[in-house]
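S.K.: Model the structure of this input:
(one chain, ligands or ions: 2)
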Amino acid sequence: MAIIEVEGLRKVYRMGKEKIVALKSVDLTIEEGEICCLFGTSGSGKSTLLNMLAGLEKPTSGTIKVKKTRVEKLSEVELATFRQKYIGFVFQSYNLIPSLTALENVSLPLIFQGMPKAKRDKQAEAMLKAVGLNKRLHHKPKEMSGGQQQRVSIARAFVNRPTILFADEPTGNLDTHTTIEVMEMIKDMARKYNQTLIIVSHDPEIADYADRIITLIDGEIRKIEIKKENEREIIYEKQA
Ligand SMILES: Nc1ncnc2c1ncn2[C@@H]1O[C@H](COP(=O)(O)OP(=O)(O)O)[C@@H](O)[C@H]1O
Ligand SMILES: [Mg+2]
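M.R.: Ligands and ions are numbered 1, 2, ... in the order given. Next comes the predicted model:
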């Protein structure tokens, strides 16, 4: 079943007199439980597309349905509720709160759900354990390595079991070894709970974790590949 449906999506940024067409006219459907990569070089429009799917930015034109809800029509208040209910994020820059411990950072999404503290702490602790950080519960972000901080942010993204998880260059600041660890972790968790995972990356090795790779060039979908056994099959290609 389709969980995200996008039609005729266009995004134009205005910089003074200049117009930047970040997305031309994107049509895209993402299935429930799918692991999908938005792939392309820097400036191709990946983050713009992801941010609109997640309701962080409004399109210039076109429609975005997430779980049948037209997200581009929601108000800021409705969007906040919608994101809390269905969506998790992992960013390249971790976005942890520096003054809070790992446990407190991971508990945060549960506070917004109104869960009592004892239950929150228990759930956050279990999540940190799942990402291998049971010995770092009371460390603050600056007392941890980049890889550990990203694992905290993964625990935070997954703690309320979001239906859809968006990850924008989640391993952009990590070394090769940690990248593999972090990607395996994200993928295993998404599969375990049948979550839909949308990863943005410019790195072919990251793209390879996906069931489907959607290549963007200059704000357009130019290629779609699916995984078949260990081969990639191109199911759509558009020349410039
Ligand atoms: N807030 C913004 N204001 C103006 N231009 C932007 C803004 N965000 C992105 N762009 C431009 O839109 C294009 C696509 O950017 P982006 O989606 O960030 O690409 P990617 O994530 O693939 O690197 C780029 O040319 C970028 O400079
Ligand atoms: Mg980007």
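S.K.: mind listing what V90 touches?
M.R.: 150, 153-154, 157, 165-168, 170, 186 (C-beta atoms under 8 Å, 6 or more residues apart in numbering). C-beta coordinates here come from the backbone N, C-alpha and C atoms, glycine included.
S.K.: Can I take it that it is in a strand?
M.R.: Yes: V90 forms part of a strand when assessed by DSSP: H, G, I helix; E, B strand; the rest coil.
S.K.: State the pLDDT value of N230.
M.R.: N230 carries a pLDDT score of 81 in this model.
S.K.: now swap in K223 and tell me
M.R.: So K223 comes in at 97 (pLDDT).
S.K.: just to revisit the earlier point, let's have the contacts of V90 in CSV, adding distance to ligand 1.
M.R.: Listed next are those as CSV, based on distance: C-beta to the nearest ligand atom, whole Å:
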residue, distance to ligand 1
Q150, 18
S153, 19
I154, 20
A157, 19
L165, 17
F166, 12
A167, 13
D168, 7
P170, 13
I186, 18
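S.K.: neighbour-wise, which of those leads?
M.R.: Q150 (29 neighbours; other C-beta atoms under 10 Å).
S.K.: Give me the residues contacting the helix or strand hosting that residue.
M.R.: Assigned by DSSP states H and E, Q150 belongs to helix 146-158. In this structure, residues lying in contact with helix 146-158 by C-beta under 8 Å, 6+ apart are 88-91, 94-96, 102, 105-106, 108-109, 124, 127-128, 130-133, 136, 139, 141, 144, 165, 167, 170-171, 173-175, 178, 181-182, 185-186, 189, 193, 195.
S.K.: run the last query once more with 6 Å
M.R.: With C-beta atoms under 6 Å, 6 or more residues apart in numbering as the test, helix 146-158 has contacts from 88-90, 94, 96, 102, 105-106, 127-128, 131, 133, 141, 165, 173-174, 178, 182, 189.
S.K.: can you name the two of the contacts of V90 that are farthest apart?
M.R.: Q150 and F166 (14.7 Å; C-beta to C-beta).
S.K.: Could you look up the SS state of A126?
M.R.: Going by three-state DSSP: A126 is helix.
S.K.: how far away is it from ligand 1?
M.R.: 33 Å (C-beta to the nearest ligand atom, to the nearest Å).
S.K.: Also K67?
M.R.: 24 Å.
S.K.: again, but for T29
M.R.: To ligand 1, T29 is 20 Å away according to C-beta to the nearest ligand atom.
S.K.: For the chain, which residues are neighbours of ligand 1?
M.R.: Residues of the chain lying near ligand 1 by C-beta under 6 Å from any ligand atom: 13, 15, 20, 22, 40, 42-48.
S.K.: Looking at these, which two lie furthest apart in space?
M.R.: Pairwise distances across the residues of the chain next to ligand 1 (C-beta to C-beta) peak at 21.0 Å, for the pair M15 and G40.
S.K.: Give me the more crowded residue out of those two.
M.R.: More neighbours surround G40 than the other of M15 and G40, with 25 against 7 (other C-beta under 10 Å).
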